[in-house]
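Visitor: Any chance you could fold what I've pasted below:
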Amino acid sequence: MKLIIGLGNPGDDYISTRHNLGFMALDHLASKWGVHLSVQSKMKAEIAATMYRGETIILAKPQTFMNLSGRAVDKIIKYYKLSPDDIWVISDDLDLDFGTVRLRVGGSSGGHNGLKDIIEQIGEDFVRIRIGIKNDKSGVVPTEKFVLERFSKAEQSKIESVIDSSVELIEKSLIDGPSHTSQSI
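Guide: The predicted model follows:
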(Lines give C-alpha, C1' and ligand atoms only; values in the text may rest on other atoms or scores of the structure.)
Protein backbone atom coordinates (compact mmCIF):
# COMPACT_ATOMS: atom_id res chain seq x y z
CA MET A 1 0.00 0.00 0.00
CA LYS A 2 1.18 3.50 -0.84
CA LEU A 3 -0.05 6.93 0.22
CA ILE A 4 0.41 9.71 -2.35
CA ILE A 5 -0.08 13.17 -0.89
CA GLY A 6 -0.43 16.39 -2.84
CA LEU A 7 0.47 19.50 -0.85
CA GLY A 8 -1.40 22.78 -1.13
CA ASN A 9 -3.74 25.16 0.62
CA PRO A 10 -7.50 24.59 0.70
CA GLY A 11 -9.94 27.26 -0.45
CA ASP A 12 -10.78 29.21 -3.57
CA ASP A 13 -8.19 31.92 -2.82
CA TYR A 14 -5.38 29.44 -3.46
CA ILE A 15 -6.61 27.67 -6.60
CA SER A 16 -3.97 27.76 -9.36
CA THR A 17 -1.27 29.28 -7.17
CA ARG A 18 2.30 28.01 -7.26
CA HIS A 19 2.04 26.57 -3.73
CA ASN A 20 -0.92 24.41 -4.86
CA LEU A 21 1.04 22.55 -7.52
CA GLY A 22 0.95 19.41 -5.35
CA PHE A 23 -2.86 19.59 -5.21
CA MET A 24 -2.99 20.17 -8.97
CA ALA A 25 -0.79 17.15 -9.75
CA LEU A 26 -2.73 14.91 -7.35
CA ASP A 27 -6.05 16.05 -8.85
CA HIS A 28 -4.71 15.20 -12.32
CA LEU A 29 -3.58 11.76 -11.13
CA ALA A 30 -6.98 11.11 -9.50
CA SER A 31 -8.79 12.20 -12.68
CA LYS A 32 -6.57 10.01 -14.85
CA TRP A 33 -7.29 7.03 -12.60
CA GLY A 34 -11.03 7.84 -12.44
CA VAL A 35 -10.96 8.45 -8.68
CA HIS A 36 -12.96 11.04 -6.73
CA LEU A 37 -11.54 12.39 -3.46
CA SER A 38 -13.89 13.12 -0.57
CA VAL A 39 -13.42 14.97 2.70
CA GLN A 40 -12.50 12.76 5.65
CA SER A 41 -12.73 15.23 8.52
CA LYS A 42 -11.20 12.84 11.10
CA MET A 43 -8.04 12.75 8.98
CA LYS A 44 -8.19 16.44 8.02
CA ALA A 45 -7.84 15.58 4.33
CA GLU A 46 -9.60 14.80 1.10
CA ILE A 47 -8.95 11.10 0.47
CA ALA A 48 -9.62 8.37 -2.08
CA ALA A 49 -8.46 4.76 -2.30
CA THR A 50 -7.87 2.92 -5.55
CA MET A 51 -5.87 0.10 -7.08
CA TYR A 52 -2.95 0.67 -9.42
CA ARG A 53 -1.23 -2.34 -10.96
CA GLY A 54 -2.46 -4.58 -8.15
CA GLU A 55 -1.43 -2.30 -5.28
CA THR A 56 -3.72 -0.24 -3.07
CA ILE A 57 -2.98 3.46 -3.44
CA ILE A 58 -4.41 6.10 -1.11
CA LEU A 59 -4.54 9.61 -2.59
CA ALA A 60 -4.76 12.52 -0.15
CA LYS A 61 -4.87 16.31 -0.07
CA PRO A 62 -4.37 17.66 3.48
CA GLN A 63 -6.90 20.36 4.36
CA THR A 64 -4.79 21.78 7.20
CA PHE A 65 -3.08 24.47 5.11
CA MET A 66 0.46 23.98 3.85
CA ASN A 67 2.43 24.72 7.01
CA LEU A 68 0.48 22.14 9.04
CA SER A 69 0.43 19.34 6.43
CA GLY A 70 2.24 16.93 8.74
CA ARG A 71 -0.69 16.77 11.14
CA ALA A 72 -2.98 15.35 8.44
CA VAL A 73 -0.25 13.05 7.10
CA ASP A 74 0.36 11.66 10.60
CA LYS A 75 -3.36 10.93 11.08
CA ILE A 76 -3.59 9.20 7.69
CA ILE A 77 -0.54 6.98 8.16
CA LYS A 78 -1.70 5.94 11.64
CA TYR A 79 -5.18 5.08 10.32
CA TYR A 80 -3.82 2.98 7.46
CA LYS A 81 -0.86 1.66 9.52
CA LEU A 82 1.73 2.82 6.99
CA SER A 83 5.44 3.39 7.42
CA PRO A 84 7.24 6.49 6.12
CA ASP A 85 8.69 4.56 3.17
CA ASP A 86 5.10 4.02 1.92
CA ILE A 87 4.56 7.80 1.74
CA TRP A 88 4.98 9.83 -1.47
CA VAL A 89 4.61 13.62 -1.26
CA ILE A 90 4.10 15.95 -4.23
CA SER A 91 5.09 19.58 -3.64
CA ASP A 92 6.22 22.75 -5.34
CA ASP A 93 9.92 23.59 -5.10
CA LEU A 94 11.31 27.12 -5.28
CA ASP A 95 14.88 25.85 -5.80
CA LEU A 96 14.04 24.01 -9.04
CA ASP A 97 13.48 25.83 -12.33
CA PHE A 98 9.90 25.94 -13.56
CA GLY A 99 9.19 22.74 -15.49
CA THR A 100 11.71 20.57 -13.65
CA VAL A 101 10.33 17.54 -11.84
CA ARG A 102 12.54 15.65 -9.41
CA LEU A 103 11.86 12.45 -7.47
CA ARG A 104 14.02 11.28 -4.58
CA VAL A 105 13.79 9.42 -1.30
CA GLY A 106 14.63 11.24 1.93
CA GLY A 107 16.43 14.50 2.50
CA SER A 108 15.71 17.82 4.14
CA SER A 109 12.73 20.11 3.70
CA GLY A 110 14.76 22.50 1.55
CA GLY A 111 12.99 25.35 3.34
CA HIS A 112 9.51 24.13 2.29
CA ASN A 113 7.26 24.53 5.34
CA GLY A 114 4.83 21.79 4.30
CA LEU A 115 7.67 19.27 3.97
CA LYS A 116 9.21 20.58 7.20
CA ASP A 117 6.00 19.85 9.12
CA ILE A 118 5.74 16.36 7.62
CA ILE A 119 9.37 15.63 8.56
CA GLU A 120 8.69 16.82 12.13
CA GLN A 121 5.71 14.43 12.35
CA ILE A 122 6.98 11.27 10.61
CA GLY A 123 10.70 11.66 9.84
CA GLU A 124 12.38 12.23 6.49
CA ASP A 125 12.40 8.75 4.91
CA PHE A 126 9.61 9.31 2.40
CA VAL A 127 9.51 9.85 -1.36
CA ARG A 128 9.33 13.44 -2.60
CA ILE A 129 8.12 14.49 -6.01
CA ARG A 130 9.26 18.10 -6.28
CA ILE A 131 7.93 20.31 -9.07
CA GLY A 132 9.96 23.43 -9.86
CA ILE A 133 8.39 26.89 -9.67
CA LYS A 134 11.55 29.05 -9.86
CA ASN A 135 11.45 31.85 -12.44
CA ASP A 136 12.82 35.37 -13.00
CA LYS A 137 10.57 36.83 -10.24
CA SER A 138 11.60 34.32 -7.56
CA GLY A 139 14.19 35.91 -5.34
CA VAL A 140 12.91 39.39 -6.27
CA VAL A 141 9.43 39.00 -4.79
CA PRO A 142 9.34 37.82 -1.13
CA THR A 143 8.97 34.02 -0.98
CA GLU A 144 5.72 34.14 1.01
CA LYS A 145 4.14 36.29 -1.70
CA PHE A 146 5.69 34.50 -4.70
CA VAL A 147 4.44 31.02 -3.78
CA LEU A 148 0.88 32.31 -3.31
CA GLU A 149 0.77 34.04 -6.71
CA ARG A 150 -0.91 32.54 -9.74
CA PHE A 151 1.24 31.30 -12.60
CA SER A 152 2.37 33.78 -15.24
CA LYS A 153 0.84 33.55 -18.73
CA ALA A 154 3.99 31.87 -20.04
CA GLU A 155 3.86 29.32 -17.19
CA GLN A 156 0.12 28.74 -17.71
CA SER A 157 0.80 27.64 -21.27
CA LYS A 158 3.20 24.96 -19.97
CA ILE A 159 1.63 23.93 -16.66
CA GLU A 160 -0.43 21.11 -18.14
CA SER A 161 2.72 19.55 -19.62
CA VAL A 162 4.54 19.93 -16.30
CA ILE A 163 1.70 18.22 -14.43
CA ASP A 164 1.48 15.45 -17.08
CA SER A 165 5.21 14.88 -16.72
CA SER A 166 4.87 14.70 -12.92
CA VAL A 167 2.08 12.13 -13.14
CA GLU A 168 4.03 10.04 -15.67
CA LEU A 169 7.06 10.05 -13.35
CA ILE A 170 4.88 8.94 -10.42
CA GLU A 171 3.30 6.11 -12.42
CA LYS A 172 6.67 4.93 -13.74
CA SER A 173 8.18 5.03 -10.25
CA LEU A 174 5.26 3.09 -8.77
CA ILE A 175 6.12 0.32 -11.26
CA ASP A 176 9.93 0.50 -11.24
CA GLY A 177 10.42 1.69 -7.66
CA PRO A 178 11.44 5.16 -6.58
CA SER A 179 14.96 6.21 -7.49
CA HIS A 180 16.55 9.62 -7.69
CA THR A 181 15.48 11.02 -11.05
CA SER A 182 14.97 14.41 -12.61
CA GLN A 183 13.37 15.63 -15.82
CA SER A 184 12.57 19.00 -17.35
CA ILE A 185 9.86 20.20 -19.72
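
Visitor: Contact partners for Gly106?
Guide: Contacts for Gly106 (Cβ atoms under 8 Å, 6 or more residues apart in numbering) come out as 124-126. C-betas here are computed from N, CA, C, even on glycine.

Visitor: Can you tell me how far the residue in the chain sticking out farthest from the centre is from Ile163?
Guide: The outermost residue of the chain, judged by C-alpha distance from the chain's mean C-alpha position using Cα atoms, centre = their mean, is Val140 at 24.8 Å. The spacing between Val140 and Ile163, counted by Cβ to Cβ, to the nearest Å, is 25 Å.

Visitor: how about the residue nearest the centre of the chain, what does it touch?
Guide: In the chain, the centroid-proximal residue (Cα atoms, centre = their mean) is Ile90; its distance is 1.9 Å. Residues touching Ile90, when contacts are defined by Cβ under 8 Å, 6+ apart, comprise 4-7, 21-22, 25-26, 129, 131, 166, 170.

Visitor: got the residues you listed as JSON lines, with pLDDT, neighbour count and distance to Gln63 columns?
Guide: What follows is the contacts of Ile90, written out as JSON lines (pLDDT from 0 to 100; neighbours: other Cβ atoms under 10 Å; distance: Cβ to Cβ, whole Å):
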{"residue": "Ile4", "pLDDT": "98", "neighbour count": "23", "distance to Gln63": "16"}
{"residue": "Ile5", "pLDDT": "98", "neighbour count": "29", "distance to Gln63": "12"}
{"residue": "Gly6", "pLDDT": "98", "neighbour count": "29", "distance to Gln63": "11"}
{"residue": "Leu7", "pLDDT": "98", "neighbour count": "28", "distance to Gln63": "11"}
{"residue": "Leu21", "pLDDT": "97", "neighbour count": "27", "distance to Gln63": "17"}
{"residue": "Gly22", "pLDDT": "98", "neighbour count": "28", "distance to Gln63": "13"}
{"residue": "Ala25", "pLDDT": "98", "neighbour count": "28", "distance to Gln63": "17"}
{"residue": "Leu26", "pLDDT": "98", "neighbour count": "30", "distance to Gln63": "13"}
{"residue": "Ile129", "pLDDT": "96", "neighbour count": "26", "distance to Gln63": "20"}
{"residue": "Ile131", "pLDDT": "97", "neighbour count": "25", "distance to Gln63": "20"}
{"residue": "Ser166", "pLDDT": "96", "neighbour count": "27", "distance to Gln63": "21"}
{"residue": "Ile170", "pLDDT": "95", "neighbour count": "25", "distance to Gln63": "21"}
